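Trainee: okay, predicted coordinates and the sequence, questions at the end:
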Amino acid sequence: MRCDYFERDVCRSCSWLPLSYDDQLDDKLAAARALLPEPREGWLAPVRSPRERFRNKAKVSVGGTVDAPLLGIPSLAGPVGAVTDLAACPLHVEPIEAALGTLRSFVTRATLVPYDVATRRGELKHLLVTANPRGELMVRFVLRSREAETRIRKHLPDLLAELPGLRVVSLNLLPEHAALTEGAQEIVLVGDTLTMPVDDLDLHLRPRSFFQTNTGVAAALYRRAAAWVGELAPHSLWDLYCGVGGFALSAARAVPGLDVLGVEISDEAIASARRSAADLGLDNARFEVGDATTVDGSGTRRGEVGRGEADTTGGAAGRTTSGAPAGDADSSGPDVAPTPDVVVVNPPRRGIGPDLAAWLERGRAEAVLYSSCNPTTLARDLAAMPSLRLERAQLLDMFPNTPHSEVLTLLRRRER
Ligand SMILES: C[S@@+](CC[C@H](N)C(=O)[O-])C[C@H]1O[C@@H](n2cnc3c(N)ncnc32)[C@H](O)[C@@H]1O
């Protein structure tokens, strides 16, 4: 792959660009193997990705002037706040590149003054653009205040005419002068969700909900995880850090009768997941807003969910693999919340941390699927769970041209 920005030394994000693709995969796999114990059944062949046109999301800093906006990244060299235009970054899928051209004109037409980091003046900080494989788009304007709202609303019909695939438009308010991509407040102007087809699953994405950046590799990830869950044939599964529900919904589809609970801290992501479940007619998948690392079984949402299911339905969510109701298993100690048969965890780069690792270690889930974008924290977390043995692992190349990768692991509880 050739990249003009890399060759001109104005962007170094793809630091592994000079390596051949096979060398990239070999090096990533070697790095992961050096950190992790050898899986009992070994490593599956890595999942490859196209080297370009795989990113479904652009997070673009806006600089320059109203008449000549720059859409890119903070400049590596040059004055504070300067922006290097990267609108033709070859990682983005084509509809994003086309949309950035249209949005550049829109910035001028609606007089959206780019925010200047040095002087703290201006309004438009970032453009966040997501595209699905059908070319449909979500566009979010990250603004310092609502100053430009009227002008954006006024010119919106033109934007919708120029971008017929535009499904969601929103304003995100980031009043703080902070190195953040987005703020907490969202004002939705058009639509509510972008549908992201992942294999035969349509996932709804609302603004402010995380989705994997590489749709093709995400599909392979959910497929693989659902296949492993199918082999385990559990009654109940929890998907912690579930986002918009990719793992949970794939598993609920793959294993009829499986009782699925997704837990995620973002209410927008949970609203997205619930809508997808409803559209798919999956009444065996529930989603709750919550902190996945909260492991105290007394009075926490997670403990309540497990106990409630066991008491009121006698259903799979409250059952252990031995069939005993989880809620009355006090032999595990009063501080141990009921656990399902299988737990999926897919945390941010920091990993699951000591509390959740200790809970999984002490718990009664027979298997854990841990999907990680950071083999270093994955290795640390695995070391904190010696009762769970690494059975299988697979590297999925979610982030080509960089040292980063996704690693999916299957952990099984050792014989007690
Ligand atoms: C790597 S993403 C995975 C999302 C999802 N599994 C997927 O495949 O798209 C991590 C997710 O964890 C969520 N998150 C971060 N901290 C959390 C916490 N303490 N408890 C629950 N969810 C959390 C984020 O909002 C994000 O959606």
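Mentor: Happy to help now that I have it.
Trainee: tell me who's in contact with residue 102.
Mentor: By C-beta atoms under 8 Å, 6 or more residues apart in numbering, residue 102 lies in contact with 159, 162-163. All C-beta spots, glycine's among them, are computed from the backbone N, C-alpha and C.
Trainee: excluding its backbone neighbours, what's nearest residue 245?
Mentor: Leaving aside its sequence neighbours, residue 245 sits nearest to residue 273 (C-beta to C-beta, 6 or more residues apart in numbering; 3.3 Å).
Trainee: hmm, the one you found is touching residue 264, no?
Mentor: Yes: with contact defined as C-beta atoms under 8 Å, residue 273 and residue 264 form a contacting pair (7.3 Å).
Trainee: list residues touching both of those two?
Mentor: 242-243, 287.
Trainee: any residues of the protein in contact with the ligand? List them.
Mentor: Near the ligand, the residues belonging to the chain are 210-212, 241-243, 246-247, 263-266, 269, 291-293, 346-348 when assessed by C-beta under 6 Å from any ligand atom.
Trainee: can you tell me which of the residues you listed are in helices?
Mentor: 246-247, 269 (DSSP state H).
Trainee: ok so, going back, nearest to residue 70, of the shared contacts of residue 273 and residue 264?
Mentor: Nearest to residue 70 among the shared contacts of residue 273 and residue 264 is residue 243, at 31.2 Å by C-beta to C-beta.
Trainee: now do the contacts for the closest one.
Mentor: For residue 243, the contacting residues are 209-211, 264, 266, 269, 273, 346, by C-beta under 8 Å, 6+ apart.
Trainee: cool, and residue 52?
Mentor: Taking C-beta under 8 Å, 6+ apart as the test, what residue 52 contacts is 1, 90-91.
Trainee: may I ask which of the residues you listed has the most neighbours?
Mentor: Neighbour counts for these, by other C-beta atoms under 10 Å, peak at residue 91, which reaches 24 neighbours.
Trainee: could you measure from residue 394 over to residue 26?
Mentor: According to C-beta to C-beta, to the nearest Å, residue 394 stands 15 Å off from residue 26.
Trainee: same question, residue 49
Mentor: For residue 49, the distance to residue 26 - C-beta to C-beta - is 15 Å.
Trainee: and for residue 217?
Mentor: As judged by C-beta to C-beta, residue 217 and residue 26 stand 18 Å apart.
Trainee: more neighbours: those two, which one.
Mentor: A count of neighbours by other C-beta under 10 Å puts residue 217 above the other of residue 217 and residue 26, at 22 against 13.
Trainee: where does that one fall, secondary structure wise?
Mentor: Using DSSP states H and E, residue 217 maps to helix 215-232.
Trainee: got the CA positions of that helix in CSV?
Mentor: Provided in CSV are the C-alpha atoms of helix 215-232 (Å, rounded to 0.1, in the frame of the first residue of the first chain):
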residue,chain,number,x,y,z
THR,A,215,-16.3,-4.1,10.0
GLY,A,216,-15.0,-7.1,8.1
VAL,A,217,-12.7,-8.2,10.9
ALA,A,218,-15.4,-7.5,13.5
ALA,A,219,-17.6,-9.9,11.6
ALA,A,220,-14.9,-12.6,11.7
LEU,A,221,-14.5,-12.0,15.5
TYR,A,222,-18.1,-12.4,16.3
ARG,A,223,-18.4,-15.4,14.1
ARG,A,224,-15.5,-17.1,15.7
ALA,A,225,-16.7,-16.3,19.2
ALA,A,226,-20.2,-17.6,18.5
ALA,A,227,-18.8,-20.8,17.1
TRP,A,228,-16.8,-21.4,20.3
VAL,A,229,-19.8,-20.6,22.4
GLY,A,230,-21.8,-23.1,20.3
GLU,A,231,-19.3,-25.8,21.0
LEU,A,232,-19.5,-25.1,24.7
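Trainee: what's that helix packed up against?
Mentor: Judged by 3 or more C-beta pairs under 8 Å, 6 or more residues apart in numbering; DSSP states H and E, helix 215-232 is in contact with strand 43-47, strand 194-198, helix 246-254, strand 342-345, strand 367-372, strand 388-396, strand 406-413.
Trainee: can you list contacts of the fourth one?
Mentor: In this structure, residues lying in contact with strand 342-345 by C-beta under 8 Å, 6+ apart are 225, 229, 232, 234, 236-242, 247-248, 251, 292, 352, 356, 360, 363, 365-371.
Trainee: residue 114 is in contact with residue 62, correct?
Mentor: Yes: in this structure, residue 62 is within contact of residue 114 by C-beta under 8 Å, at 4.6 Å.
Trainee: any shared contact partners between these two?
Mentor: Residues touching both residue 62 and residue 114 (C-beta under 8 Å, 6+ apart): 69-70, 83, 107, 124.
Trainee: which of those lies closest to the ligand?
Mentor: Distances from the ligand to these, taken as C-beta to the nearest ligand atom, are shortest for residue 124 (24.9 Å).
Trainee: next, count neighbours for residue 154.
Mentor: By other C-beta under 10 Å, the residues close to residue 154 number 11.
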